[in-house]
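Trainee: how would this look folded up:
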Amino acid sequence: MLTFRPMRDDDLRAVLAVERQSYAFPWSLGIFEDCLRVGYSCWVGELGSEIAAHGIMSVAVGECHVFNLCVHPDHQRRGYGRRLLRHLLSQALERGAETAFLEVRASNAGARALYASEGFCEIGTRPRYYPAPGGREDATLLARQLGDLDLGQRVA
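Mentor: Alright, predicted model coming up:
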C-alpha cells in the first residue's frame, strides 16, 4: 500500500533515482536540496520501505504551485500519481491555499488527462519552458480551485 510522509535529506538519493528513471530531463540533486532547504512541501510515497513516488509544491498567499509529481515507471498506471496529487492538494488546502497551479509538458497526454480528471483547466502556455530533444517544449499552465476538493479522498 502506498503511504505518504514528508521528504527528508536522507531520501534524496532514492528520490533522485526515481526522478532519473522517470524523466529524460530530470531535476538535479541541487534542486531537490534547495526545495527542502527553502521549506517547500516535499513528500515521498512509499511502498513498504521503497520510495516509489515524490511530489513537491509551494504554498503561500492562498495559492499552491505543484512543481514536481513523479511516480517510478515500474509503479505507474496504478493510481499512485492521482493519490499523490490528491494528497498534495489536501495538504495545500489545509495550509490555506484556495487555488492550485501547475505546468505540464504539452506532449504529456497522460498527465494532462490526469489533471483534467482532477478538475484542472488550461489557463495558458509557457512557450519553450521545458528542455526537449533538439530544443525546447511548451508547457501548458493549469489551475483549479480547491474549495470543492473532497478531503474524504485524501490519503495520509
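Trainee: Okay, buried residues for the helix ranked longest in the chain please.
Mentor: Taking DSSP state H as the criterion, the chain has its longest helix at helix 80-94. By neighbour count with 16 or more other C-beta atoms under 10 Å, helix 80-94 contains the buried residues 80-93. C-betas here are computed from N, CA, C, even on glycine.
Trainee: Most remote residue from the middle of this structure, which is it?
Mentor: Distance from the C-alpha centroid of the chain peaks at residue 134, with 25.4 Å (C-alpha atoms, centre = their mean).
Trainee: quick one: it and residue 20, what's the gap?
Mentor: Distance, residue 134 to residue 20, using C-beta to C-beta, to the nearest Å: 21 Å.
Trainee: likewise residue 146?
Mentor: Distance from residue 146 to residue 20, by C-beta to C-beta: 31 Å.
Trainee: More neighbours: which of these two?
Mentor: For residue 146 versus residue 20, the count of surrounding residues by other C-beta atoms under 10 Å is larger for residue 146: 19 against 12.
Trainee: So that one sits against residue 89, correct?
Mentor: Yes: contact criterion C-beta atoms under 8 Å: residue 146 and residue 89 qualify, at 6.2 Å.
Trainee: Now the common contact residues for the two.
Mentor: Common neighbours of residue 146 and residue 89 (criterion: C-beta atoms under 8 Å, 6 or more residues apart in numbering): 64, 100.
Trainee: Just the helices from the protein, written as ranges.
Mentor: With DSSP H as the criterion, the chain has helices at 12-22, 29-37, 80-94, 109-117.
Trainee: What mean pLDDT does the first one get?
Mentor: Think helix 12-22. For helix 12-22, the mean pLDDT works out to 97.
Trainee: and the buried residues of helix 80-94 as a markdown table, adding pLDDT?
Mentor: Output for the buried residues of helix 80-94, formatted as a markdown table (pLDDT from 0 to 100):
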| residue | pLDDT |
| --- | --- |
| 80 | 97 |
| 81 | 96 |
| 82 | 96 |
| 83 | 97 |
| 84 | 97 |
| 85 | 97 |
| 86 | 96 |
| 87 | 97 |
| 88 | 98 |
| 89 | 97 |
| 90 | 95 |
| 91 | 96 |
| 92 | 97 |
| 93 | 95 |
